[in-house]
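S.K.: Just need the structure, nothing else, for what follows:
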Amino acid sequence: MADRALRRRCERILADLGLPDAAGVRELCDVLAGRQGRPIHLIGEHLPTSSPCGLAVRTERFDVVFYEAGTSRMHQEHIIRHELGHLICGHLTAPVLDAEASRLLLPDLDPSLVQAVLGRTDYSEVQEKEAEMIASLLLRRSVLARPRPAATEDPVLNRLHHTLIDPGGR
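M.R.: Just a heads-up that it's a prediction; the model follows:
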């Protein structure tokens, strides 16, 4: 899928959801949970360096987004938005294992850990690109919805702001 087509598709998905522009990750979770009829829990963990920075897991009753706790808040929010992108795009359609099955098959491991590890093995490259595009669009919307700072008398600062922060000149 070409980048332009991917962006248009993801913009349509977000438009259909009617999410508030300035929504933070907690508000996004609340809105999505209400639409999907199942809670979304956010859990920050110090993940091994060889593992992904984030993980979305569907259980029988709720969804969980695990994210790296040992990084900047901005990075955490991007990770969470990326994982929410998987939920928004429908990449997680069924629980990977219920807790009881996890306990029976792998009794020495925490069932939530088993579900988390199994939940991340089947994303295709297209699904990863979709989730990343959704995350980027959500972050862009939240940044653009923030109150615009007053112009300064310094033309260099104004030009930097216009170039880096607000290139569209909203």
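S.K.: tally of neighbours for residue 79?
M.R.: 23 (other C-beta atoms under 10 Å). Bear in mind the C-beta positions are built from the backbone N, C-alpha and C, glycine included.
S.K.: From residue 44, how far off is it?
M.R.: According to C-beta to C-beta, to the nearest Å, residue 79 stands 10 Å off from residue 44.
S.K.: Pull up the overlap in contacts between those two.
M.R.: Both residue 79 and residue 44 are contacted by 67, 68, under the criterion C-beta atoms under 8 Å, 6 or more residues apart in numbering.
S.K.: what does the model give residue 54 for pLDDT?
M.R.: With respect to pLDDT, residue 54 scores 90.
S.K.: again with residue 81
M.R.: For residue 81, the pLDDT comes out at 96.
S.K.: Can we start the residue count at 14 from this point?
M.R.: Sure thing, new numbering starts at 14, so read that last one as residue 94.
S.K.: elements contacting the helix ranked longest in the chain?
M.R.: Counting by DSSP state H, the longest helix found in the chain is helix 138-158. Judged by 3 or more C-beta pairs under 8 Å, 6 or more residues apart in numbering; DSSP states H and E, helix 138-158 is in contact with helix 16-30, helix 86-101.
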